[in-house]
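Asks: Structural data only, the sequence is not supplied:
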């Protein structure tokens with residue numbers, strides 16, 4: 001019964017967005033719809049069908065940013081390049097690992113889920129360290145600012 005209700009709701013939302021591309025609540029409706037696990041293949045055409053003024057509103061801009069972020073982080077996509085100083089203060093770019101398999105782990109000592117994942121990252125490091133596999137990015141404050 002819940003699956004049927006979800007299907008009916010989805011059809012109503014798609015119909016609304018298709019028939020009301022200039023509606024000031026269209027991007028809110030799209031956010032609502034998307035938050036229910038809608039995939040990009042369905043969301044993107046609905047968004048593109050909206051009036052340009054609507055897409056430039058607060059929800060429209062946020063939705064576009066979210067769609068782009070999802071596209072840029074899909075499995076198999078090329079990661080965005082970034083540069084971060086290593087523990088010696090030397091800049092290291094993700095692109096310097098091009099052609100290699102890399103696990104980038106962003107973590108912080110204050111992050112409970114990060115700490116829970118640490119044993120898995122340590123295991124991956126030990127399993128693949130000889131292949132240059134793991135890059136760990138700490139979100140801690142610089143060493144010079146840490147309490148002594």
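Replies: It's in. Fair warning: this is a prediction, and the values are worked out from it, not measured in the lab.
Asks: And the contacts of whichever helix or strand residue 12 is part of?
Replies: Assigned by DSSP states H and E, residue 12 belongs to helix 2-19. Identification of contacts with helix 2-19 by C-beta atoms under 8 Å, 6 or more residues apart in numbering yields 23, 26, 29, 30, 32, 33, 36, 38, 42, 46, 49, 50. (C-beta placed from N, C-alpha, C; glycine too.)
Asks: between those residues, which is nearest residue 116?
Replies: Comparing the contacts of helix 2-19 against residue 116 with C-beta to C-beta places residue 36 closest, at 27.8 Å.
Asks: who's in contact with that closest one?
Replies: Taking C-beta under 8 Å, 6+ apart, one finds 6, 9, 10 in contact with residue 36.
Asks: Can you add secondary structure, distance to residue 102 and pLDDT and give the contacts of helix 2-19 back as JSON lines?
Replies: Output for the contacts of helix 2-19, formatted as JSON lines (DSSP: H, G, I helix; E, B strand; the rest coil; distance: C-beta to C-beta, whole Å; pLDDT from 0 to 100):
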{"residue": "23", "secondary structure": "coil", "distance to residue 102": "44", "pLDDT": "94"}
{"residue": "26", "secondary structure": "helix", "distance to residue 102": "40", "pLDDT": "92"}
{"residue": "29", "secondary structure": "helix", "distance to residue 102": "39", "pLDDT": "87"}
{"residue": "30", "secondary structure": "helix", "distance to residue 102": "34", "pLDDT": "89"}
{"residue": "32", "secondary structure": "helix", "distance to residue 102": "36", "pLDDT": "83"}
{"residue": "33", "secondary structure": "helix", "distance to residue 102": "35", "pLDDT": "80"}
{"residue": "36", "secondary structure": "coil", "distance to residue 102": "33", "pLDDT": "70"}
{"residue": "38", "secondary structure": "coil", "distance to residue 102": "30", "pLDDT": "67"}
{"residue": "42", "secondary structure": "helix", "distance to residue 102": "31", "pLDDT": "86"}
{"residue": "46", "secondary structure": "helix", "distance to residue 102": "34", "pLDDT": "93"}
{"residue": "49", "secondary structure": "coil", "distance to residue 102": "38", "pLDDT": "95"}
{"residue": "50", "secondary structure": "coil", "distance to residue 102": "37", "pLDDT": "95"}
